[in-house]
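> I'll drop the sequence and a predicted model, then ask my questions.
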Amino acid sequence: MGLTNGAAAGAMNGATVSTVSALFFGAPPDALIMGMVAAVLASFWMTSINNRVKSFAAIVLSSLLAGYAAPVAAVYLATHYPALADADDQTLRVLLALVVGLSAPLLVPAAVQGARKILARGKTGETP
C-alpha cells in the first residue's frame, strides 16, 4: 500500500522536528539523519503507517532512538567484541543508527502491544 500523500507529509514533518530539536540536546547529527532516512524507508513498506500522525510519530521516535541509542551501542559493541574494537567509531555509529532506524518502526509498536497485554492480564488477575 505504501505511504499516501498525507502520510508522506507527516513523515517529512516528523523528520524535520526530530532532527532539529535533537541537535540541541547533543545527539550526533549523522546518527539522527541515518535513523530518520531509515525510518522513512521503513515507513514505505509498512502498511500500518497510513496517515500523518502515525508517520510523524514513527519518524520522530525512530530518529531520536537512533540518535541517542546508536552511540551507546557502538561503544558497548566496541568494548565487548574485540573484532569491532578496531572499527572506526563513526562508521559503527552510523551503521547502528541505520539498524535502529529500520527496526524501530516495527519493534516499538510490537513492544507497546506486548506491554498492553501484560497490563491487561495484571488487571484481570490472570497468570501467564
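Looks like it arrived, so ask away. Numbering: from 1, shown residues only.

> how deep is residue 98 tucked in, by neighbour count?
Here the number of neighbours of residue 98 (other CB atoms under 10 Å) works out to 18. Yep, even glycine has a C-beta here, placed from its N, CA and C like the rest.

> quick one: it from residue 60, how far?
In this structure, residue 98 and residue 60 are separated by 17 Å, where distance is defined by CB to CB, to the nearest Å.

> Residue 66 now?
11 Å.

> got it, and residue 34?
Looking at residue 34 against residue 60, where the rule is CB to CB, the gap reads 15 Å.

> now residue 111
From residue 111 across to residue 60, the span is 17 Å (CB to CB).

> Look at the two and report which has more neighbours.
When residue 111 and residue 60 are compared on other CB under 10 Å, the one with more neighbours turns out to be residue 60, at 23 against 11.

> tell me which element the more buried one is part of?
Assessed by DSSP states H and E, residue 60 sits inside helix 52-80.

> which strands and helices sit next to that helix?
Contacting helix 52-80 under the criterion 3 or more CB pairs under 8 Å, 6 or more residues apart in numbering; DSSP states H and E are the following elements: helix 5-23, helix 29-45, helix 89-124.

> Name the stretch among the ones you listed that sits most buried.
Highest mean neighbour count among those (mean count of other CB atoms under 10 Å): helix 29-45, with a mean of 21.

> what pLDDT, on average, does that one get?
Helix 29-45 shows a mean pLDDT of 86.

> what packs against that helix?
Contacting helix 29-45 under the criterion 3+ CB pairs under 8 Å, 6+ apart are the following elements: helix 5-23, helix 52-80, helix 89-124.

> what's the spacing between the longest one and its chain's center?
Chain-centre distance of helix 89-124: 8 Å, with CA atoms, centre = their mean, to the nearest Å.
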